[in-house]
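> got a sequence here, can you model it:
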Amino acid sequence: MTAQQYLLFFSELYQMPRQKALTRIDELLHSLGLAEKNKLTGEFSKGMKRKTAIARALLHDPDLLILDEPNSGLDPLTSFFILSYLKTLRKEGKTIILSAHNLFHVETICDRVGIIKNGKLLVFDTMEAIRTKLGKREYQVIFHSDHKLDYELVNGNYVFRAAEVDAIAAMLETVSANKWTLVDLSMKESALEEIYVKLMTN
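Reported below is the predicted structural model:
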């Protein structure tokens with residue numbers, strides 16, 4: 001079957017009126033980049049098959065969408081497309097439950113994250129709250145001075161790291177008072193992967 005025929009078959013299972021189904025199918029095929037109407041699904045790449053499966057799940061316009069590893073085994077471009085499309089659905093008010101092992105994708109797209117170990121839900125919260133409870137935050141000041149100083153030296157610049165904002169503020173005052181050159185000020189937070197490993201190994 002073509003993608004259109006395949007989706008039309010499922011529209012009949014959902015008992016959708018034929019004309020409404022055809023209109024909906026055209027919308028989905030267009031938005032998911034599956035406009036080649038004569039190509040058979042058996043000739044589709046893995047990415048196209050995944051897009052067709054998402055179209056099938058969205059056919060009857062559900063409020064809740066449950067997806068298991070939607071990006072598994074896909075090339076980077078198709079994976080990016082699907083993530084972007086899921087973000088669009090989220091903005092439209094869809095509730096999406098996503099099961100995935102790619103924690104970067106989870107961190108990127110999910111409003112709330114749950115981590116399960118041995119069938120037990122260890123944590124379920126926003127990424128910001130999870131980082132606050134289980135992660136760590138580190139600030140970094142990079143500056144340059146022609147004098148030899150008792151700080152870490154990396155690529156010709158000195159680096160000062162601290163977890164407390166007050167320590168960073170004091171360091172910035174020191175840099176300014178000594179007329180050293182501020183090169184960079186940044187903050188690094190624990191990635192979801194670090195937090196996940198911590199929970200799984202404790």
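> longest helix anywhere in this structure?
helix 76-91 (DSSP state H).
> and it, which residues are buried?
By neighbour count with 16 or more other CB atoms under 10 Å, helix 76-91 contains the buried residues 78-79, 81-83, 85-86. Yep, even glycine has a C-beta here, placed from its N, CA and C like the rest.
> any residues touching it, and which ones?
With contact meaning CB atoms under 8 Å, 6 or more residues apart in numbering, helix 76-91 is reached by 31-33, 47, 50-51, 54, 58, 65, 67, 70-71, 74, 96, 98, 105, 108-109, 111.
> CA atoms only: put it into PDB for me.
Only the C-alpha atoms of helix 76-91 are listed here, as PDB (Å, rounded to 0.1, in the frame of the first residue of the first chain):
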ATOM      1  CA  PRO A  76      20.300  12.900  12.600                       C
ATOM      2  CA  LEU A  77      18.200  14.900  10.100                       C
ATOM      3  CA  THR A  78      15.100  12.700  10.500                       C
ATOM      4  CA  SER A  79      15.500  12.500  14.200                       C
ATOM      5  CA  PHE A  80      15.700  16.300  14.400                       C
ATOM      6  CA  PHE A  81      12.600  16.600  12.200                       C
ATOM      7  CA  ILE A  82      10.600  14.300  14.400                       C
ATOM      8  CA  LEU A  83      11.700  16.100  17.600                       C
ATOM      9  CA  SER A  84      10.700  19.400  16.000                       C
ATOM     10  CA  TYR A  85       7.300  18.000  15.000                       C
ATOM     11  CA  LEU A  86       6.700  16.700  18.500                       C
ATOM     12  CA  LYS A  87       7.400  20.200  19.900                       C
ATOM     13  CA  THR A  88       4.800  21.600  17.400                       C
ATOM     14  CA  LEU A  89       2.300  19.100  18.700                       C
ATOM     15  CA  ARG A  90       3.000  20.000  22.300                       C
ATOM     16  CA  LYS A  91       2.400  23.700  21.400                       C
END
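> how far off helix 76-91 does the following helix or strand past that helix point, in degrees?
Remark: after helix 76-91, the chain's next helix or strand is strand 95-99, criterion DSSP states H and E. Per axes from the mean of the first three to the mean of the last three CA atoms, to 10 degrees, the angle that strand 95-99 makes with helix 76-91 is 140 degrees.
> so which elements touch strand 95-99?
Contact here means 3 or more CB pairs under 8 Å, 6 or more residues apart in numbering; DSSP states H and E; on that basis strand 95-99 packs against strand 64-68, helix 76-91.
> parallel or antiparallel, list what pairs with the first one.
Strand 64-68 has the following sheet partners, assigned by DSSP bridges: strand 95-99 (parallel).
> quick check: next helix or strand after the partner strand?
Using DSSP H and E, the next helix or strand after strand 95-99 towards the C-terminus is helix 103-109.
> my guess is K37 contacts M1. True?
No: contact status for K37 versus M1: not in contact, 11.5 Å apart, counting by CB atoms under 8 Å.
> what does the domain assignment say about the chain?
The chain breaks down into these domains under automatic domain parsing: 1-61, 136-188.
> which of those domains sits closest to I195?
With respect to I195, and counting by CB to CB, the nearest of the domains of the chain is domain 136-188 at 9.4 Å.
> that's all I had, so thanks and see you.
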